[in-house]
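Engineer: below are the sequence and a predicted model for it; my questions follow.
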There are 2 protein chains.
Amino acid sequence: MYLPPHFTEADPAEADRLIDAFPLACLVAQTPGGLAANHLPLLRDGAGMIGHVARAGGLHQMLPDGAEVLAVFRGEDSYISPNWYPSKAETHRAVPTWNYQVVHIAARIRWDDSPKFKRRAVGLLTRRMEGTEGWRMADAPADYMEAMLAAIVGFELTITRVIAKTKTNQNRSDADFLSVQARMAAQGKPALAARMARMGRGGS
Amino acid sequence: MYLPPHFTEADPAEADRLIDAFPLACLVAQTPGGLAANHLPLLRDGAGMIGHVARAGGLHQMLPDGAEVLAVFRGEDSYISPNWYPSKAETHRAVPTWNYQVVHIAARIRWDDSPKFKRRAVGLLTRRMEGTEGWRMADAPADYMEAMLAAIVGFELTITRVIAKTKTNQNRSDADFLSVQARMAAQGKPALAARMARMGRGGS
């Protein structure tokens, strides 16, 4: 990924924050049939990550244990018009760009088809998404849950590299930055607006 | 991508609709340094696609003409709780899932660093995003625009395969489907709700 220093995410907590807020990863791998991408929720689990795929998709048969994968997490994104920069009216030295937040996790995959592992994988995900008041695995009949677990294959990722990119006009003046920040808040991009606000530009 | 028949997008117009509504692609490629993903807007252009990257990112030096790439477009997504299905209260035979829309475009890349091509690439993108009333390339000084064009490298994609997946509980009963459709509308997922509405389930 192209990552100039000014767009490198400076807050070490932001990668986990983004993954937590936008857990649906695009899991990319090179397979014998070409580049493959699958969309699935992934959770941090200790130093690694944990997830599962549908057995019928066959990804566990295309990728051996230890294969390189790339998990791409993406938050909100927005086209940015030069007309949103106050400086544009003065200098006209601006072109469109696109703002976004992404976290790329390069990792090695290891499959685990054991019921114990899979029950833990979906259990963690359920607690993360449902909290303590929502649906619980114990709500489903045991035979049904067993059949559902048999239809998935679990995996864990051993992380080799984490790259976080936050592209929110950090390279522009306070006036331009704050104008875009206000646009994001007004145009339904609360996560981008909040990240920009946390940068504390403009002394407000 | 795992794509069971019931989640294969049935409307041939939907892939273009999704790309148009969510033009920021995740462009994936295998490079000598490993799997690479870059986020950039892509437009349909005749039978192919057109885009550009930052020269400083060096992707044009990592990928020769003709290299395989995968452009992943993604619309809205949402965790789906079993508690949202009316049938859950009766049978309890439900587990969580995740709904989303994606289009995967497998393609061959061809770089074009000529000013004419690049001016056309950013011109098409500008007109798509700004319309006829917004910012225009001619608003910027000629020397500035030349420097900006020099900082990018254009490319076109020759499409080899388009796969569109719409995962919106098509495999559940009308009652469950319509309940999720209402949730999507109420929970800030208008694109998912609209796609579900276009499926015309429940005879409403």
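Structural biologist: It's in.
Engineer: so which other helices or strands are in contact with the biggest helix by length in chain A?
Structural biologist: As assigned by DSSP state H, the longest helix anywhere in chain A is helix A:115-130. For helix A:115-130, the elements it packs on are strand A:43-45, strand A:48-54, helix A:142-150, strand A:152-167, judged by 3 or more C-beta pairs under 8 Å, 6 or more residues apart in numbering or on different chains; DSSP states H and E. To be clear about C-beta, it is placed using only N, CA and C from the backbone, and glycine gets the same treatment.
Engineer: any idea of the angle that helix forms with strand A:48-54?
Structural biologist: With axes from the mean of the first three to the mean of the last three C-alpha atoms, to 10 degrees defining the directions, helix A:115-130 sits at 100 degrees from strand A:48-54.
Engineer: send the alpha carbons of helix A:115-130 over as PDB?
Structural biologist: C-alpha atoms of helix A:115-130 as PDB (Å, rounded to 0.1, in the frame of the first residue of the first chain):
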ATOM      1  CA  PRO A 115     -15.400 -28.300  17.400                       C
ATOM      2  CA  LYS A 116     -13.700 -26.800  20.400                       C
ATOM      3  CA  PHE A 117     -11.900 -24.200  18.400                       C
ATOM      4  CA  LYS A 118     -14.900 -23.300  16.200                       C
ATOM      5  CA  ARG A 119     -17.200 -23.000  19.200                       C
ATOM      6  CA  ARG A 120     -14.800 -20.600  20.700                       C
ATOM      7  CA  ALA A 121     -14.400 -18.600  17.400                       C
ATOM      8  CA  VAL A 122     -18.200 -18.100  17.000                       C
ATOM      9  CA  GLY A 123     -18.600 -17.600  20.700                       C
ATOM     10  CA  LEU A 124     -16.200 -14.700  20.800                       C
ATOM     11  CA  LEU A 125     -17.900 -13.200  17.800                       C
ATOM     12  CA  THR A 126     -21.300 -13.600  19.300                       C
ATOM     13  CA  ARG A 127     -20.400 -12.000  22.600                       C
ATOM     14  CA  ARG A 128     -18.700  -9.100  20.700                       C
ATOM     15  CA  MET A 129     -21.800  -8.500  18.500                       C
ATOM     16  CA  GLU A 130     -24.600  -9.400  20.800                       C
END
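Engineer: return the set of buried residues in it.
Structural biologist: For helix A:115-130, a neighbour-count test (16 or more other C-beta atoms under 10 Å in any protein chain shown) marks A:117-118, A:121-122, A:125-126, A:129-130 as buried.
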